[in-house]
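>>> Fold the following for me, if possible:
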Amino acid sequence: MLSERQKTVLEVIVSDYTKSGVPVGSKALSNQLPIHVSSATVRNDMAYLEKVGLISKTHSSSGRIPSIEGYRYYVDNLLNPNPIDNSDIRIIKTALGGHFGKIDEIVEQSANILSNLTNYTALALKPEQQVSRRLRSFHLVPLGNRQVMAILITDSQDVINQIFHISDDINGEQLDAVVRLINDKMVGKSLSDILKSLLKGDFTKEIVKYINNPKGILATLNNILTEASKNQFYIGGELNLLSFTDNNDISYLKPIYSLLNDTDDISQFINNSGKSISVKIGPEISNSLLKDYSVITGTYDVGEYGKGVVAVLGPTRMPYSRIIGIVESFRDELSKKLLNYYNKYDQ
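Below you'll find the predicted structure:
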């Protein structure tokens, strides 16, 4: 159990170190405390905080820095999110106030906005709809040289496409017949149900009436349906990872960049277990590559259209109060924007 003064000492150490990156000494600390105490008293409090593992001494300085446990205690017990500046609110509203053709563009822009506001790496995950997305239309567009682009459009205006090759014995009339068949049979059905139907081979019997070997078309349809069913995320400010590394050899960042571009890995480490705001620090992220990082995650809610996630990835030495305040405000603005978009689209 910490005394009120010890809590204040820890709070000042965290605040000072996250601003300067310089270990905090007792003399500098005593000058910043809201109450006057001697350097000896401050040293005693620091010694206790070090004993219980909330701060640690660096090899190159007599000052102290917060430990992972110290950051955790600070976030859980001492932190009050800083109100977001009016100028930042204006930036968010202006950036989200433009014309967007689809949800993906809004979510992608969200990652860029958060990255610009925080100077860290930001991630934005699309809403995971409670009601499965449905097929709105399917198209096959000949590109020449036996190449065809398959285009799938969902009821939420997601557009997924893939190019594939067709054999010489398939002509335009056959492709048109397949498109009509798919739209007649599949439009209005959920993507998950269509995938199940493909896997069971129910649709193969229908297509072979028009194309002897529909393997390529069926494989392509399966691929784009699978892609449309995935949670989609966007990253902003990947290069910001370079800004807060103390290591001259940046080759260690390569596996981190690979991690950031893997859908399954991303979903795991920005999963906030249903909390509106979640803070994971160092080893809590459960990925050894990110042991020196923290991730602040915010869930945004768009009602029946599901919930999505925005997140900021930065060093453990990040200004938690400010970043949490930004994430909280941003997720609220994003929810409003997406709800307005969905309501307009559904009218």
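>>> Give me the residue at the spatial middle of the protein.
Centroid-nearest residue in the chain, with C-alpha atoms, centre = their mean: Leu123, separated by 3.0 Å.
>>> mind checking the longest helix of the chain?
helix 320-346 (DSSP state H).
>>> any idea of the mean pLDDT in that helix?
The average of the pLDDT scores along helix 320-346 is 88.
>>> Buried residues, it. List them.
Using 16 or more other C-beta atoms under 10 Å as the test for burial, helix 320-346 gives 320-335, 337-338, 341-342. Backbone N, C-alpha and C define where each C-beta goes, glycine included.
>>> Check stretch 193-211 too.
Buried residues in stretch 193-211, counted by 16+ other C-beta under 10 Å: Ile194, Leu195, Ser197, Leu198, Phe203, Ile207, Tyr210, Ile211.
>>> The stretch 51-200 of the chain: helices as residue ranges?
68-73, 86-96, 103-118, 172-186, 191-200 (DSSP state H, counting those that start in this stretch).
>>> will you turn these into CSV that also has distance to Val14?
As requested, the helices of the stretch 51-200 of the chain are exported to CSV (distance: least, C-beta to C-beta, whole Å):
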stretch, distance to Val14
helix 68-73, 7
helix 86-96, 22
helix 103-118, 18
helix 172-186, 56
helix 191-200, 46
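>>> And those helices, which one averages the lowest pLDDT?
helix 191-200 (a mean of 81).
>>> What lies in contact with that one?
132-135, 154, 186, 203, 218, 221-222, 225-226, 228-229 (C-beta atoms under 8 Å, 6 or more residues apart in numbering).
>>> Farthest pair within the buried residues of stretch 193-211?
Leu195 and Tyr210 (21.3 Å; C-beta to C-beta).
>>> which SS class is Lys209?
coil (DSSP: H, G, I helix; E, B strand; the rest coil).
>>> Now for it: which residues touch it?
Lys209 neighbours (C-beta under 8 Å, 6+ apart): none.
>>> rewinding a little: I'd like to know which of the contacts of helix 191-200 are buried.
For these, a neighbour count by 16+ other C-beta under 10 Å gives the buried set as Arg133, Arg134, Leu135, Thr154, Met186, Phe203, Leu218, Leu221, Leu225, Ala228, Ser229.
>>> before we move on, the earlier item: between the contacts of helix 191-200, which is nearest Ser167?
Using C-beta to C-beta, these come closest to Ser167 at Leu218, 13.7 Å.
>>> which secondary structure elements does the helix or strand the closest one falls within contact?
Applying DSSP states H and E as the criterion places Leu218 in helix 215-229. If contacts are counted by 3 or more C-beta pairs under 8 Å, 6 or more residues apart in numbering; DSSP states H and E, helix 215-229 sits against strand 147-154, strand 159-165, helix 191-200, helix 204-207.
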